[in-house]
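Peer 1: Quick one, structure for this:
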Amino acid sequence: MQISLLNLADDEGFPLLNSFWVMMWWFLWVLWFMLLFRVIGDIFRDDGLGGWGKAGWTAFVIVLPFLGIFVYLIARGRGMGERALARAQEQERSFRSYVRETAGPTSRAEELARLAGLKNDGDLTADEYERAKAKVLDS
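Peer 2: Modelled structure (predicted):
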């Protein structure tokens with residue numbers, strides 16, 4: 001059965017089986033491109049792979065795409081997941097650190113501890129400390 005995307009709406013109608021085949025081929029086509037971009041992205045994001053290794057894998061994936069993708073998945077597939085997990089964990093740590101730094105202390109006790117630390121380091125005078133402490137306790 002030959003599927004032609006240009007001749008889908010012929011005079012005989014559009015049979016259910018033909019529509020199934022068209023949807024399946026579209027799905028596989030989109031899946032293939034997603035896999036191709038995922039592999040190429042992994043090649044360039046891998047810090048452990050040198051420049052020649054990146055160039056070699058990229059050339060292999062571009063020149064022989066089906067074989068290149070399958071060989072890459074067999075050879076480095078497990079590492080893809082581990083590298084993606086490590087990147088996600090690092091992004092989560094960065095985000096949490098940024099939120100903690102930006103939001104500042106969340107409770108009165110933490111704010112008072114921060115003020116006491118500033119006073120002990122000599123960054124605040126006793127008078128400034130007392131005013132800031134009163135302000136925290138009033139809020």
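Peer 1: switch to C-alpha atoms for all contacts and neighbour counts from now on
Peer 2: Noted.
Peer 1: Which of the helices or strands spans the spatially most central residue of the chain?
Peer 2: Against the mean C-alpha coordinate of the chain, by C-alpha atoms, centre = their mean, the closest residue is Ala88 at 5.8 Å. Per DSSP states H and E: Ala88 is located in helix 65-103.
Peer 1: Contacts for the helix or strand that that helix is followed by, please.
Peer 2: Of the helices and strands lying after helix 65-103 in sequence (DSSP H and E), the nearest is helix 108-121. Residues from elsewhere that reach helix 108-121 (C-alpha atoms under 8 Å, 6 or more residues apart in numbering): 105, 124-126, 129, 132-133, 136-137.
Peer 1: now helix 108-121, how far from the chain's geometric center?
Peer 2: Its chain's C-alpha centre and that of helix 108-121 lie 37 Å apart, by C-alpha atoms, centre = their mean, to the nearest Å.
Peer 1: can you tell me the average pLDDT over it?
Peer 2: When pLDDT is averaged along helix 108-121, the result is 86.
Peer 1: what's downstream of that helix, the next helix or strand?
Peer 2: helix 126-138.
Peer 1: picking that back up, check contacts around the residue nearest to the centre of the chain.
Peer 2: Here Ala88 is in contact with no residues (criterion: C-alpha under 8 Å, 6+ apart).
Peer 1: same thing but 10 Å
Peer 2: Ala88 is in contact with 82, 94, counting by C-alpha atoms under 10 Å, 6 or more residues apart in numbering.
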